[in-house]
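Chemist: The following comprises the amino acid sequence and a computationally predicted model.
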Amino acid sequence: MTAFGFRRFPRRLLPLFTALFGLTAESAEATTLTVGAIDANGVACTLADAIVAADNNTYTGGCPAGSKDETDIIELTGDVILTEALPEVRSYCSPEPDPCAESVQTYITINGHGHSIARSRRPDTPEFDLLTLFSLCAEGVYMPPPIVKLNEVELKNGDTGIVLEAATLGIECPPELELVNSRITDNSGDGISARFASLRLTSSVIKNNGGHGIRGYASDIYLTDSTVARNADRGVSAHGGLPFYERRGVLSVTRSTLAGNTGGGIELAVLHATLVNSTVSGNGNRKTKGGGIHVIPSDSSDELPGTEFTLINATVSHNVAELGGGVYRESGEHWIYIDTSAMINSILADNIGSDCVSATGTTRITFSGQNLIEDGGCFDPSYSNPPLIGDPRLGPLGDNGGPTLTHALRRGSIALDRIAFIRDLNGNPLGCEGTTDGVTAGVVTDQRGVSRAEPGDDFCDIGAFEHAVPSRRHECQSGGYKKFGFDSLEQCLRYLVHRRTPSR
């Protein structure tokens, strides 16, 4: 089955489904299942058995029964090597007294403690997806979706690392997955494939996969403090759809970096997408469109919602494409729904194949706050609020502090102190101008978590990086001078001696 192929669930098979998976849940309290633990009969609890025990709430292998309504905890005590796929995680119906009269939801947290779950590298090991979450809803049948959290675990060397899928009629009960401090790496296909699903990544890495880093269809995808890098296709490919089921999809990228993905950074269509305090760098190739970001509006022949795309304090740099190295926005506009694109306080620079291309026939890109487009692409002289044009003097993508890589602003950059920082009447910070409506808080820190308003400096810089100044010698050492925009340790130390602002 293809990544977005429909899996239909015939209602005539529902009795068989409940017979296979409709096991009565007895335990009411959360259960901890330790992989490798030995039960009273001398049987070891394997990860596969632990998943079945937690999902079906039954004693399985050497693993105790999971709980009915609480989050079961699976603890890894070492690396897990697989020779076959793990059992699917899915919610199920209790068979008595009436099938699906009582649904039992699955809540599982897997604490990896830094260990990995990997397909064996033995040559006779078949290809398989490492972990699958499946949700079923059909007419007259509701099964609450499985909710799984992976904490400090790495999944690698599978076909697809993780598959999230709801049945064709299951879009109202999407399976939910949260990754925290986890890694999905070195899989031959996609890192994660999500269809009618919900996915949240926090402080996690999707890297070195043979397909997309993340492929989503009609799914809600949230990335925070995370990295998607060096995947063979797009870093993130997110497409919406199915207007009749009101399931479009969301892509939210916050304080994250997409870098070095061969097929491009992000491709998005027919969904609501926002990038805030994030970096898109070094993606694409000379045969692609939209090396950094490829925006596909809805086609006039489709009864689909429009594509809404917004960049807020983002840096899109060093990407490569045949057309639109930084951003490429396809032509097309829906006859009912309006496709919108907006740039707020963002940088497009140093991209090969132009920084920004908006194809003929599209609605205009709206510019708010103060943007910088090095080659002036996507801007028409008749627009209001023109972007700055010129070299922002970006440093190379590197560790400038914070959980993800960024491009520092070098000394003398025209992107420094271009945006007013707004405060309320009591002096409380609201955010950089253009990101706040004066009531709700806007952008108050940069991608690394550095305050946008330095003491005595109520101005924000353009892009994902906020320039700061050192106050102690040790901050300049061990390469720290780079995060302050200095070209060398000597420059940084000289500043400390003379207390001269390096950005002026």
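Modeler: Noted; the coordinates are in hand. Fair warning: this is a prediction, and the values are worked out from it, not measured in the lab. Residues are numbered from 1 along each chain as shown.

Chemist: from here on, contacts and neighbour counts on C-alpha atoms
Modeler: OK.

Chemist: okay, now the domains of this structure?
Modeler: According to the TED database, the chain comprises the domains 31-210, 470-503.

Chemist: so which of the ones you listed is the most packed in?
Modeler: Compared across those, domain 31-210 shows the largest average neighbour count, a mean of 22 (mean count of other C-alpha atoms under 10 Å).

Chemist: for that one, how far is the first residue from the last?
Modeler: With C-alpha to C-alpha, to the nearest Å as the measure, domain 31-210 spans 36 Å from end to end.

Chemist: mind checking which helix or strand of the protein has the lowest mean pLDDT?
Modeler: Ranked by mean pLDDT, DSSP states H and E, the weakest helix or strand in the chain is helix 14-21, scoring a mean of 39.

Chemist: And the next helix or strand past that helix?
Modeler: strand 32-34 (DSSP states H and E).

Chemist: packing partners for the helix or strand following that next one?
Modeler: As assigned by DSSP H and E, the chain's next helix or strand after strand 32-34 is helix 47-56. Here helix 47-56 is seen to pack against strand 72-75, strand 89-90, strand 107-111 when contacts are counted using 3 or more C-alpha pairs under 8 Å, 6 or more residues apart in numbering; DSSP states H and E.

Chemist: Just give me how far the first one sits from the chain centre.
Modeler: The reference is to strand 72-75. Put simply, strand 72-75 sits 25 Å off its chain's centre (C-alpha atoms, centre = their mean, to the nearest Å).

Chemist: same thing with the longest one?
Modeler: The chain centroid and the centroid of strand 107-111 are separated by 20 Å, computed with C-alpha atoms, centre = their mean.

Chemist: Dump it to CSV, keeping only the CA atoms.
Modeler: Provided in CSV are the C-alpha atoms of strand 107-111 (Å, rounded to 0.1, in the frame of the first residue of the first chain):
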residue,chain,number,x,y,z
TYR,A,107,-2.7,5.4,26.1
ILE,A,108,1.0,4.3,26.0
THR,A,109,4.2,6.1,26.8
ILE,A,110,7.5,4.5,25.8
ASN,A,111,10.5,5.8,27.8
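
Chemist: Indicate each strand paired with that strand and its parallel or antiparallel sense.
Modeler: If you go by DSSP bridges, strand 107-111 pairs up with strand 72-75 (parallel), strand 147-151 (parallel).

Chemist: Can you list the neighbours in contact with the shortest one?
Modeler: In this case it means strand 72-75. 30-35, 50-51, 54, 66, 107-113 (C-alpha atoms under 8 Å, 6 or more residues apart in numbering).

Chemist: which residues are in contact with the helix or strand just after that strand?
Modeler: As assigned by DSSP H and E, the chain's next helix or strand after strand 72-75 is strand 80-82. Under the contact criterion C-alpha under 8 Å, 6+ apart, strand 80-82 has outside partners Leu47, His115, Ser116, Ile117, Ala118, Arg119, Ser120.

Chemist: Please flag which of those sit within helices.
Modeler: When the contacts of strand 80-82 are checked against helices (DSSP state H), the matches are Leu47.

Chemist: Let me know the closest of the contacts of strand 80-82 to Leu86.
Modeler: The shortest gap between Leu86 and any of these belongs to Leu47, at 7.9 Å (C-alpha to C-alpha).

Chemist: contacting residues for the closest one?
Modeler: Leu47 neighbours (C-alpha under 8 Å, 6+ apart): Val35, Val80, Leu86.

Chemist: for Leu394, same thing?
Modeler: Residues in contact with Leu394 (C-alpha under 8 Å, 6+ apart) are His407, Ala408, Leu409, Arg410, Ser413.

Chemist: Just the C-alpha atoms of stretch 71-85, please, in PDB.
Modeler: The C-alpha coordinates for stretch 71-85 follow below in PDB (Å, rounded to 0.1, in the frame of the first residue of the first chain):
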ATOM      1  CA  THR A  71      -1.500   5.700  30.500                       C
ATOM      2  CA  ASP A  72       0.600   2.600  30.500                       C
ATOM      3  CA  ILE A  73       4.400   3.100  30.800                       C
ATOM      4  CA  ILE A  74       6.800   0.900  28.800                       C
ATOM      5  CA  GLU A  75      10.400   1.200  30.000                       C
ATOM      6  CA  LEU A  76      13.300   0.200  27.800                       C
ATOM      7  CA  THR A  77      16.300  -1.100  29.600                       C
ATOM      8  CA  GLY A  78      18.500  -1.600  26.500                       C
ATOM      9  CA  ASP A  79      18.500  -1.400  22.700                       C
ATOM     10  CA  VAL A  80      15.800  -3.400  20.900                       C
ATOM     11  CA  ILE A  81      16.700  -5.200  17.700                       C
ATOM     12  CA  LEU A  82      13.700  -6.300  15.600                       C
ATOM     13  CA  THR A  83      13.400  -9.000  13.000                       C
ATOM     14  CA  GLU A  84       9.800  -8.200  12.300                       C
ATOM     15  CA  ALA A  85       7.500  -5.300  12.700                       C
END
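
Chemist: oh, and call the first residue 3 from now on, that's how I've got it
Modeler: All right, first residue 3 from here; so that's stretch 73-87.

Chemist: for the record, mean pLDDT for it?
Modeler: Averaged over stretch 73-87, pLDDT sits at 97.

Chemist: I'd like to know how far Ser343 sits from Thr73.
Modeler: Ser343 is 40 Å from Thr73, where distance means C-alpha to C-alpha.
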